[in-house]
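Novice: Whatever this is, show me its structure:
(one chain, ligands or ions: 2)
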Amino acid sequence: MSSSSIYITRTIPESGVALLTGAGFAVRMNPLARTPRRDELLDEVGDHDAIICQLPDPIDRAVFEAAAPRCKAIATCAVGYDNIDVAAARAHGIVVTNTPDVLTEATADLTWALLLATARRLGEAERFLRAGAWRGWGMLDFQGADVFGKKLGIVGAGRIGTAVARRARGFDMSVCYCARENKKSIEELGATRVALGELLETSDFVSLHVPLTEETHHLLDAKALDRMKRGAILINTARGGVVDQVALIEALREGRLAAVGLDVFDKEPAVPPELLSLSNAVLLPHIGSATVSTRSKMAEIAAANVIAVLRGEPPLNPVQP
Ligand code: NAP
Ligand code: GLV
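Specialist: Ligands and ions are numbered 1, 2, ... in the order given. Got it, this is the predicted structure:
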């Protein structure tokens, strides 16, 4: 039996913990019902052979300095790893892993939930009913935008972007995408590659699926938002930093965009009060992958990656700088 110890920064589904304990590892789970503060994280990481973290944990160079030399792996329970300094991990000989694929369909479903909710004004209509304001059916009430037969622009045609495009076939939408190179999987679904500018100018719905990197930070800045078709709807289930939030609020206020659906924000969990006050913004607390089975699989994959590294085997899902 191994006596290696794994630190888990915040509660994960039980099936992931069971894999670790079943493989003979000692598990120390952060007992607090919140993300550990920086000092708590730095205090803890040096005493373990591996860490399972989550996307709100800023895993920067100082964390790797504190974690080395004992820690051999950091496994995040997410596909996005913009919170981790992967170059610093490499410099300290620590493997970083993520959880791709298992969350693709759940996140694509949630993207569509936002697309339909924004187009058909579900948030507004539900708040109206719950407030007891409904006095009966009205021909002019809550008229939204059509989805069927409209044009969808996908920014970032990877796993999730392609899964979102696949669902668009059921709505008879024409789909375009922008990417750094042609993407066969999405083209097989009938999507056409265009430049970002053309996508923004012609799409009725724009959905973001790029990772947050130096290149994609504020990819949708004031200028890009201004290029969007008047009355278009923007959906962001990627990362808040991909959109300039201040410019987005301005575009919504001025009525240039009809609505926005956001699962992600620039400085989570902070949500700007201006967004909260806009009735045409549908806002969710970063729940893209939040289904029972998906979250269990994510925990299991994070555990399996850690087990592989500590056994001296290749990790299943290593991420590169
Ligand atoms: P993925 O398969 O790696 O897809 C990302 C795509 O973005 C890749 O095809 C990549 O192109 C492309 N890309 C990167 N930089 C680009 C740029 N500058 N211009 C155009 N395309 C660019 O990742 P995924 O599994 O679909 O996940 C995408 C992102 O969704 C994650 O990174 C994460 O931030 C977010 N996410 C959010 C939730 C949520 O709960 N809301 C859940 C899961 C994921 P290449 O193929 O050329 O590299
Ligand atoms: C969630 O946002 C993820 O990146 O998995």
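
Novice: rest of the way, CA atoms for contacts and neighbours
Specialist: Fine.

Novice: Next to ligand 2 in this structure, residues from this structure, please.
Specialist: 78, 79, 80 (CA under 6 Å from any ligand atom).

Novice: The same query, at a cut-off of 8 Å, please.
Specialist: 55, 77-81, 99-100, 103, 237-239, 264, 286-289 (CA under 8 Å from any ligand atom).

Novice: average model confidence for the helix or strand where residue 18 lies?
Specialist: Per DSSP states H and E: residue 18 is located in helix 14-22. For helix 14-22, mean pLDDT is 98.

Novice: Tell me which helix or strand comes right after that helix.
Specialist: Proceeding N to C from helix 14-22, the next assigned helix or strand is strand 26-29, under DSSP H and E.

Novice: So which elements touch that next one?
Specialist: For strand 26-29, the packing partners by 3 or more CA pairs under 8 Å, 6 or more residues apart in numbering; DSSP states H and E come out as strand 5-8, helix 14-22.

Novice: For the shortest one, which strands pair with it and how are they oriented?
Specialist: Read that as strand 5-8. Strand 5-8 sits in its sheet next to strand 26-29 (parallel), strand 50-53 (parallel), going by DSSP bridges.

Novice: Using PDB, list the CA coordinates for it.
Specialist: Provided in PDB are the C-alpha atoms of strand 5-8 (Å, rounded to 0.1, in the frame of the first residue of the first chain):
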ATOM      1  CA  SER A   5      -1.100  11.900   0.300                       C
ATOM      2  CA  ILE A   6      -3.500  13.800  -2.000                       C
ATOM      3  CA  TYR A   7      -4.800  17.300  -1.100                       C
ATOM      4  CA  ILE A   8      -8.200  18.200  -2.600                       C
END
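
Novice: got a list of contacts for that strand?
Specialist: The contact list for strand 5-8 (CA atoms under 8 Å, 6 or more residues apart in numbering) reads 25-30, 44-45, 47-53.

Novice: Same check on stretch 63-70?
Specialist: Taking CA under 8 Å, 6+ apart as the rule, stretch 63-70 contacts 41, 42, 43, 45, 46, 47, 48, 49, 88, 89, 92, 94.

Novice: List the contacts of the fourth one.
Specialist: Think residue 45. 7, 51, 63, 66, 67, 71.

Novice: mean confidence score for stretch 83-98?
Specialist: Across stretch 83-98, the average pLDDT comes to 98.

Novice: Could you list the buried residues of it?
Specialist: Buried residues in stretch 83-98, defined by neighbour count with 16 or more other CA atoms under 10 Å: 84, 85, 86, 88, 89, 92, 94, 95, 96, 97, 98.
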